[in-house]
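Student: Fold the stuff below for me.
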Amino acid sequence: MLHLLSNMYLYPPSREALQSWKGALHGDIPDILVDLETAVDAIDFESKEQLDDLLWDYTRLFIGPYKLPCPPWESVYTSREKLLMQDAYVEVQAIYRKTGLTLNDEAVMSDHIGVELNFLGILHERVRAETDGMDPCAVIANSFLDEHLLKWVPQFTQDMERAANSPLYKSLAEATGAALRHARIPTGQTAMRAMGLRP
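Tutor: Below is the predicted model of the structure:
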């Protein structure tokens, strides 16, 4: 779920991307994605007018050229100056490195909503793969959720839902907020002590 949401922020709504999202949204999906599934299903992939309208909505919300109603970067929401590449930008890069991850695309900033959601998704995958009884990735995921995503995404998604013209991006905003409300991973006291945290 987190990887799908990440993808929908990182990539514009081309016909190919929409088809991929539609495939990911069919089958056994969480209830919080049902409205998003409905919005994608309602799109006529053969309609140039609909695709152009969606692309304009995406561009207007996240790229420009005008003032963005919901800038997709944590720094803009959390820095006093409301500028790019502030403290959050540096902090999340350090967290990525701590977990052995780097951002390969220099055109995408490390505190972009899509990158942060993808990182959280990777941590969730690592937790599911852990078998030694420790859950340090769960501790990191919950800390990242509290110290980063939940500090700005609620306002971001509220701004996005208000500004979006299309059901697709209104539903994406709603699904993102709901996903983060359900993204906390239960952690064991042993793992928290190992990370130097109090349970």
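Student: Pick out the residue closest to the middle of this structure.
Tutor: What sits nearest the mean C-alpha location of the chain, by Cα atoms, centre = their mean, is residue 117, with 3.3 Å.
Student: isn't that one right up against residue 172?
Tutor: No: the pair residue 117 / residue 172 is not scored as a contact, 11.0 Å apart, by Cβ atoms under 8 Å. (C-beta placed from N, C-alpha, C; glycine too.)
Student: which residues are in contact with both of the two?
Tutor: Contact criterion Cβ atoms under 8 Å, 6 or more residues apart in numbering; residues shared by residue 117 and residue 172: 5, 9.
Student: excluding its backbone neighbours, what's nearest the residue nearest to the centre of the chain?
Tutor: Residue nearest to residue 117 in three dimensions, not counting chain neighbours: residue 6, with 3.9 Å by Cβ to Cβ, 6 or more residues apart in numbering.
Student: Please, which helix or strand holds the one you found?
Tutor: helix 2-10 (DSSP states H and E).
Student: Can you list the neighbours in contact with that helix?
Tutor: For helix 2-10, contacts defined as Cβ under 8 Å, 6+ apart pick out 17, 20-21, 24-25, 33, 62, 72, 108, 112-115, 117-118, 120-121, 124, 172, 175-176, 179, 183.
Student: Just the buried residues of it, please?
Tutor: Residues of helix 2-10 classed as buried: 2, 3, 4, 5, 6, 7, 8, 9, 10 (neighbour count, 16 or more other Cβ atoms under 10 Å).
Student: Only alpha carbons, please: show the longest helix seen in the chain as PDB.
Tutor: Ranked by number of residues, the top helix in the chain under DSSP state H is helix 113-129. Output in PDB follows, covering the C-alpha atoms of helix 113-129 (Å, rounded to 0.1, in the frame of the first residue of the first chain):
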ATOM      1  CA  ILE A 113       6.300  12.700   0.100                       C
ATOM      2  CA  GLY A 114       6.800   9.900  -2.400                       C
ATOM      3  CA  VAL A 115      10.300   9.200  -1.100                       C
ATOM      4  CA  GLU A 116       9.300   9.200   2.500                       C
ATOM      5  CA  LEU A 117       6.300   6.900   1.900                       C
ATOM      6  CA  ASN A 118       8.600   4.500  -0.100                       C
ATOM      7  CA  PHE A 119      11.100   4.500   2.800                       C
ATOM      8  CA  LEU A 120       8.400   3.600   5.300                       C
ATOM      9  CA  GLY A 121       7.200   0.900   3.000                       C
ATOM     10  CA  ILE A 122      10.700  -0.600   2.800                       C
ATOM     11  CA  LEU A 123      10.900  -0.600   6.600                       C
ATOM     12  CA  HIS A 124       7.600  -2.400   6.800                       C
ATOM     13  CA  GLU A 125       8.900  -5.100   4.400                       C
ATOM     14  CA  ARG A 126      12.000  -5.500   6.500                       C
ATOM     15  CA  VAL A 127      10.000  -6.000   9.600                       C
ATOM     16  CA  ARG A 128       7.900  -8.700   7.900                       C
ATOM     17  CA  ALA A 129      11.200 -10.400   6.900                       C
END
